[in-house]
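Asker: Following is a predicted model, sequence given first.
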Amino acid sequence: MLIEKIELREIQMEYVTPFETSFGKEYRKRAIIVKVEAQGIEGYGECVAEEGPWYSYETVETAWHVLSQFMIPLILKKDFESPEELLLSLKRIRGHNMAHAAIEEAFMDAYAKAMKTPLSKLLGGVKNRIESGVSIGIQETVEKLLKNIEKYLEEGYRRIKIKIKPQWDLKVVEEVRKAYPEISLMVDANGAYTINDFSHLQKLDDYNLLMIEQPLDYDDLVFHAELQSKMETPICLDESIPNLSSAQAALRLGSCRIINIKVGRVGGLQRAKKIHDYCQENGVPVWCGGMLETGIGRAINVAIASLPNYKLPNDISASSRYYSEDLVEPPFQLNRDGTMTVPQKPGIGVEVVQERLEKVTKRSRIFA
Ligand code: OSB
Ligand code: MG
């Protein structure tokens, strides 16, 4: 498929509620939407790099820079037989996984549409419905947190994840467990703890948690292995797994028993699939993490989460959990049973509503 044109748009959208993690509070989404036009077919991708380098070193600005100066010139006006070929052309570029993912997603959406296949099927997906959990940010009070949990459980979410940090951890988990002894519950620290906190973290073993996500540093594997050997609760790595080789190292070292795969963090759908396959071969379950995406990124996430080794509920919640008006139609909705239906139309399987995209665009640039 010949890539005729690429469009970048920076968008901004308010969240329905601010999202607080151990690295700060976010009120709105800033993202880059990539549109590829190939043989008259449009494909969309979403770059999940955030405003600041907190979750990842990438930011909206670095992604815009690397996409426009380095990635787009390598692929514009070129003809690619397959998504694999596209990756070969981008191979010289190191890192910048979120920028890389956005352009690959857009090409794969167009490619799947050309094949008249849902993206899910193109990737080897086997599920018509995927399991949804919800990720709840740090709240001002435990009461507010409990209210939030109640609301999401009523909506049907299959698993609750709460963000923790020092001073917002054991007591909070204890209160939640007291109110909900049976629910599927997990915590995510986004790297807020150190090796001095091992005995503190071990106390989390008392609360029957599904897993503890990324307790230690974003680039650590060795100390996670040490911590895992001292804890019953499975450790799940997020930030520490930017690629296949880190996943391989983590499993060899015993740094975790579960991996959260984020398509943006690992550089796209094909790389996500490789990590999925490796984990499957090694009996390690995975699930799909989220970056509070718009409906475009959510459609990408739903597609990859349909692969067989996505065995735990995903951070893929309904459009209404994030935005009052999503960019796509139909918006993503939660089924009564806490699942989400995988779109069956070609490509990402949802329509990008052009007036809404236009309304939230802060800058755009066309490459043709
Ligand atoms: O660590 O999983 C994380 C959002 C932004 C940055 C990091 C994380 C998150 C989430 C959001 O937890 C999950 C979602 O998109 O629903
Ligand atoms: Mg996380």
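Answerer: Looks like it came in fine. Ligands and ions are numbered 1, 2, ... in the order given.
Asker: how about Asp217, what does it touch?
Answerer: 191, 194, 223, 240 (C-beta atoms under 8 Å, 6 or more residues apart in numbering). Bear in mind the C-beta positions are built from the backbone N, C-alpha and C, glycine included.
Asker: Near ligand 2, which residues of the protein are found?
Answerer: Proximity of the chain to ligand 2, by C-beta under 5 Å from the ion, involves residues 188, 213, 238.
Asker: what about the residue of the stretch 151-300 of the chain found nearest ligand 2, distance to ligand 1?
Answerer: Residue nearest to ligand 2 within the stretch 151-300 of the chain (C-beta to the ion): Asp238, separated by 3.6 Å. As judged by C-beta to the nearest ligand atom, to the nearest Å, Asp238 and ligand 1 stand 5 Å apart.
Asker: Hmm, that residue is touching Asp188, no?
Answerer: Yes. With contact defined as C-beta atoms under 8 Å, Asp238 counts as touching Asp188 (7.2 Å).
Asker: Between the two, which has more neighbouring residues?
Answerer: Between Asp238 and Asp188, counting by other C-beta atoms under 10 Å, Asp188 is the more crowded of the two (26 against 21).
Asker: what residues are up against the more buried one?
Answerer: Contact analysis of Asp188 by C-beta under 8 Å, 6+ apart lists 21, 135, 161-164, 212-214, 238.
Asker: now Thr141
Answerer: With contacts taken as C-beta under 8 Å, 6+ apart, Thr141 has no neighbouring residues.
Asker: quick one: it and Lys171, what's the gap?
Answerer: 12 Å (C-beta to C-beta, to the nearest Å).
Asker: One more: Leu76?
Answerer: Between Leu76 and Lys171 the distance is 54 Å, computed by C-beta to C-beta.
Asker: Ok, Cys288 next?
Answerer: If you measure Cys288 against Lys171 using C-beta to C-beta, the figure is 30 Å.
Asker: More neighbours: which of the two?
Answerer: Between Cys288 and Lys171, counted using other C-beta under 10 Å, Cys288 has the larger neighbour count: 28 against 10.
Asker: Tell me both backbone torsions, phi and psi, for the more buried one.
Answerer: The phi and psi torsions at Cys288 (degrees, to the nearest 10) take the values phi -100, psi 120.
Asker: Kindly state the pLDDT recorded for it?
Answerer: Cys288 is assigned 98 on the pLDDT scale.
Asker: for this protein, longest strand please?
Answerer: Selection of the longest strand in the chain by residue count, based on DSSP state E, yields strand 3-21.
Asker: Could you list every helix and strand in contact with that strand?
Answerer: Where contact means 3 or more C-beta pairs under 8 Å, 6 or more residues apart in numbering; DSSP states H and E, strand 3-21 is packed against strand 24-38, helix 60-66, helix 72-75, helix 97-114, helix 319-322, helix 354-360, strand 361-367.
Asker: winner for burial among those?
Answerer: Between the helices and strands packed on strand 3-21, helix 97-114 has the highest mean count of neighbours, a mean of 27, where neighbours are mean count of other C-beta atoms under 10 Å.
Asker: I'd like the average pLDDT over that one.
Answerer: The model assigns helix 97-114 a mean pLDDT of 98.
Asker: what's the spacing between that helix and its chain's center?
Answerer: Taking C-alpha atoms, centre = their mean, to the nearest Å, one finds helix 97-114 lying 15 Å from the centre of the chain it belongs to.
Asker: repeat for stretch 332-352
Answerer: With C-alpha atoms, centre = their mean as the basis, the mean position of stretch 332-352 lies at 16 Å from the chain mean.
Asker: and if you look at stretch 49-64?
Answerer: Chain-centre distance of stretch 49-64: 15 Å, with C-alpha atoms, centre = their mean.
Asker: quick one: contacts of that stretch?
Answerer: By C-beta under 8 Å, 6+ apart, the residues outside stretch 49-64 that reach it are 8, 10, 21, 23-24, 26, 30-32, 47, 95-99, 102, 190, 239, 264-265, 291.
Asker: Just confirm yes or no for it near ligand 1.
Answerer: Yes. Applying C-beta under 6 Å from any ligand atom, one finds stretch 49-64 touching ligand 1 at Tyr55.
Asker: Asn335: neighbour count?
Answerer: 12.
Asker: still on that earlier bit, name all residues that sit in contact with Asp238 and Asp188 at the same time.
Answerer: Taking C-beta under 8 Å, 6+ apart as the contact criterion, the residues that touch both Asp238 and Asp188 are 213-214.
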